[in-house]
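1. build me a structure from this.
(3 chains)
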Amino acid sequence: MRRFLSALIVLGLIMFFISTLPLIPEFGKASLSKVSRAFIDKDVNGNGGNVQYGVSKDLENGAANVVTSIVVDYRSFDTLGEVTVLFTSALGVGIILSGYKRKKFGREPNFILRVSVGILLPLILLFGAYVFIHGHLTPGGGFPGGTIIAAGILLLYLSNEEFDLSKTVKFVEGISGSLYVIVGLLGLAVSGVFLINFLPTGVVGNLFSSGIVPIIYILIGFKVGAELSGIVAELHREG
Amino acid sequence: MVYYISFILIGIGIYGFLTQKNLFKHLISLTIIDTAINIFIISLGYISGEEAPIYSKYTPIANFVDPLPQALVLTAIVIGVGILALGVSLLIKVYEKYGTLDVEEIVAKEGK
Amino acid sequence: MINVIIIFIGILMAISAIFAVESKKIIDSFIALSLMSLLSVFLFVIMKAPDVAITEASVGAGLTTAVLVLALRKIGGDKE
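-> A predicted model of the protein is given here:
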């Protein structure tokens, strides 16, 4: 009886959603808005124009990945808010699950697991670091790079009983978050606007280009990796 | 089309909230609704026949799909994981206090 | 041709979501949730969004399953 009534309510809700479909543009026929056009041509302040790979120099920010330039340079304040939300959730997990001691398993981890983690772990950490260092040239960036590093550290927790990294992880997380705000305040001291791009931007497509965008993505990669490792470490203890 | 897939998944998530009794199933329904809404936001910016928004030597003319919804969804995915971690830690505390994870038994113990 | 692939993937996602919501053992629904996240990566690649695809693949199929399984082990398994 309860399932039948809920199925009826859900069916009515889906019919209501489908009836509002004529208000949305059809799938595959949307049109770019003026804001998106300004972000792609990199002329928000009115001094941009034709952008070419490997040729144009000294643009507003020379990142080849358009999504990276939106997340880190044009809407950088929203990324600061998102970093704060992640920090609050890690803080909540740490407060609610406090007071548990570390309990041993009582049996040895598997031999195959121990040997293969010793071979795989440097490759996983290297791949995570590659993804967040080249965030402005190839797809990826700080957020998936930090998640890959946290997956590598979870593997280390599963295969070794004496491993405890909690104090280092909390220190790294605090330092990275503070450095992000300090870079913003340096922009305020140099040019008068919070979080402005004050380093010179080179040619589009080089590794050392586009101002402070690689620096901020390296800091975000460290912070997200340390945060997710802290969440995994809190849930791993026994009570 | 992709719009219909997103609406059906939202419906399945709400159905899971209304009928299941175990508290873990409530968290799983929340994650299903989260993923379905991310698919819907990105499908609003797709233009058929254009390329992914990265400058390279293979695209001399810059005709890209809309990059603005992708920048919004990139943040929303990572916040979903944070919400799940906080919900799971609250669930562990509820189990320690009441000894069960069944919604009707918890309401019965609370009303006594 | 693309429409046929999108309909096929959509039916697989709906079946997997229904199985995740209505199964008897709890650990079966965790694995079905991970399968649904992995199928949504396919839709992101078809709609030409590579950043979102990499993020959802490493978060949805790695970290979500790990957090849920560790919590289930902490309350002592699935007693039913």
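2. against C:Thr55, how distant is A:Leu123?
-> Applying Cβ to Cβ, to the nearest Å, one obtains 20 Å for the distance of A:Leu123 from C:Thr55. C-betas here are computed from N, CA, C, even on glycine.
3. those two: which has the busier surroundings?
-> C:Thr55 (26 against 10; other Cβ atoms under 10 Å in any protein chain shown).
4. grab the nearest non-local neighbour of the more buried one.
-> Distance criterion Cβ to Cβ, 6 or more residues apart in numbering or on different chains; nearest residue to C:Thr55, sequence neighbours excluded, is A:Pro144 at 4.7 Å.
5. the one you found against C:Ser58, yeah?
-> Yes: contact between A:Pro144 and C:Ser58 holds when scored by Cβ atoms under 8 Å: they sit 5.0 Å apart.
6. if you count what's nearby, which of those two comes out ahead?
-> A:Pro144 (28 against 23).
7. could I get the pLDDT score of that one?
-> A:Pro144 carries a pLDDT value of 94.
8. okay, and it sits in which element?
-> With the criterion set as DSSP states H and E, the secondary-structure element containing A:Pro144 is helix A:142-159.
9. tell me which helix or strand comes right after that helix.
-> Immediately after helix A:142-159, counting by DSSP H and E, sits helix A:166-191.
10. for the helix or strand following that next one, buried residues please.
-> Next along the chain after helix A:166-191, taking DSSP H and E as the criterion, comes helix A:213-236. Going by neighbour count (16 or more other Cβ atoms under 10 Å in any protein chain shown), the buried part of helix A:213-236 is A:213-214, A:216-236.
11. check the offset of helix A:213-236 from the chain's centre.
-> With Cα atoms, centre = their mean, to the nearest Å as the basis, helix A:213-236 stands 8 Å off its chain's centre.
12. same question for stretch A:76-95.
-> The gap between where stretch A:76-95 is centred and where its chain is centred comes out at 12 Å by Cα atoms, centre = their mean.
13. what parts of chain C come near chain B?
-> Those residues of chain C that sit near chain B, judged by Cβ under 8 Å from any Cβ of the partner chain, are C:3, C:6, C:10, C:13-14, C:17-18, C:20-22, C:26, C:29-30, C:33, C:36-37, C:40, C:43-44, C:47-52, C:55-56, C:59-60, C:63-64, C:67-68, C:71-72, C:74-75.
14. and with 7 Å instead?
-> For chain C, the residues found near chain B under the criterion Cβ under 7 Å from any Cβ of the partner chain are C:6, C:10, C:13-14, C:17-18, C:20-21, C:26, C:29, C:33, C:36-37, C:40, C:43-44, C:47-52, C:55-56, C:59, C:63-64, C:67-68, C:71, C:74-75.
15. in chain A, where is pLDDT below threshold?
-> Confidence mapping of chain A against pLDDT under 70 gives the ranges A:46-50, A:54, A:100-107, A:238-239.
16. in it, which residue is closest to the centre?
-> Centroid-nearest residue in chain A, with Cα atoms, centre = their mean: A:Phe143, separated by 1.9 Å.
17. got a pLDDT number for the one residue in chain C that gets nearest to chain A?
-> Residue of chain C nearest chain A, by Cβ to the nearest Cβ: C:Pro50 (3.7 Å). As summarised for this prediction, C:Pro50 has a pLDDT of 93.
18. same question, the one 5 residues further on
-> What the model reports for C:Thr55 is a pLDDT of 95.
19. need phi/psi at residue 62.
-> Since you didn't name a chain, this refers to chain A. A:Gly62 adopts backbone torsions of phi -90, psi 40, taken as degrees, to the nearest 10.
20. that one contacts A:Gly202, correct?
-> Yes: using Cβ atoms under 7 Å, A:Gly62 is in contact with A:Gly202, at 6.0 Å.
21. more neighbours, these two?
-> In terms of neighbours (other Cβ under 10 Å), A:Gly62 is the more surrounded of A:Gly62 and A:Gly202; the figures are 25 against 16.
22. which one is the residue of chain C closest to chain A nearest to, not counting chain neighbours?
-> Here the nearest residue to C:Pro50 in space, its sequence neighbours aside, is A:Pro139; by Cβ to Cβ, 6+ apart that works out to 3.7 Å.
23. report how many residues lie close to the one you found.
-> 21.
24. which bits of chain B sit near chain A?
-> Where proximity means Cβ under 7 Å from any Cβ, the interface of chain B facing chain A comprises B:1-3, B:7-8, B:11, B:14-15, B:18-19, B:43-48, B:53-57, B:62, B:64, B:66-68, B:70-71, B:74-75, B:78-79, B:82, B:85-86, B:89-90, B:92-93.
25. list the contacts for the residue nearest to the centre of chain A?
-> A:Val224, B:Leu74, B:Val78, C:Thr55 (Cβ atoms under 7 Å, 6 or more residues apart in numbering or on different chains).
26. switch the cut-off to 10 Å
-> Applying Cβ atoms under 10 Å, 6 or more residues apart in numbering or on different chains, one finds that A:Phe143 lies in contact with A:71, A:79, A:82, A:86, A:131-132, A:135, A:217, A:220-221, A:224-225, B:74-75, B:77-78, C:51, C:54-55, C:58-59.
27. go on, A:Gly128?
-> With Cβ under 10 Å, 6+ apart as the criterion, the residues that contact A:Gly128 are A:140, A:144-152, A:221, A:225, C:58.
28. filter the contacts of A:Phe143 down to the ones in helices?
-> Using DSSP state H, the members of these that fall in helices are A:79, A:82, A:86, A:131-132, A:217, A:220-221, A:224-225, B:74-75, B:77-78, C:51, C:54-55, C:58.
29. find residues that contact each of A:Pro144 and C:Ser58.
-> If you check A:Pro144 and C:Ser58 against Cβ under 10 Å, 6+ apart, the residues they both contact are A:Gly128, A:Val131, B:Ile77.
30. roughly how far does the residue of chain C closest to chain A sit from A:Ile95?
-> In this view, C:Pro50 and A:Ile95 are 37 Å apart by Cβ to Cβ.
31. for A:Ala64, same thing?
-> In this view, A:Ala64 and A:Ile95 are 42 Å apart by Cβ to Cβ.
32. so which of those two has more stuff around it?
-> For A:Ala64 versus A:Ile95, neighbours defined as other Cβ under 10 Å are more numerous around A:Ala64 (21 against 9).
33. excluding sequence neighbours, find me the nearest residue to that one.
-> For A:Ala64, ignoring the flanking residues on the chain, the nearest one in space by Cβ to Cβ, 6+ apart is B:Tyr55 at 4.3 Å.
34. does that neighbour touch A:Thr68 like I think?
-> No: with contact defined as Cβ atoms under 10 Å, B:Tyr55 does not count as touching A:Thr68 (11.1 Å).
35. which neighbours do the two have in common?
-> Shared contacts of B:Tyr55 and A:Thr68 (Cβ under 10 Å, 6+ apart): A:Leu137.
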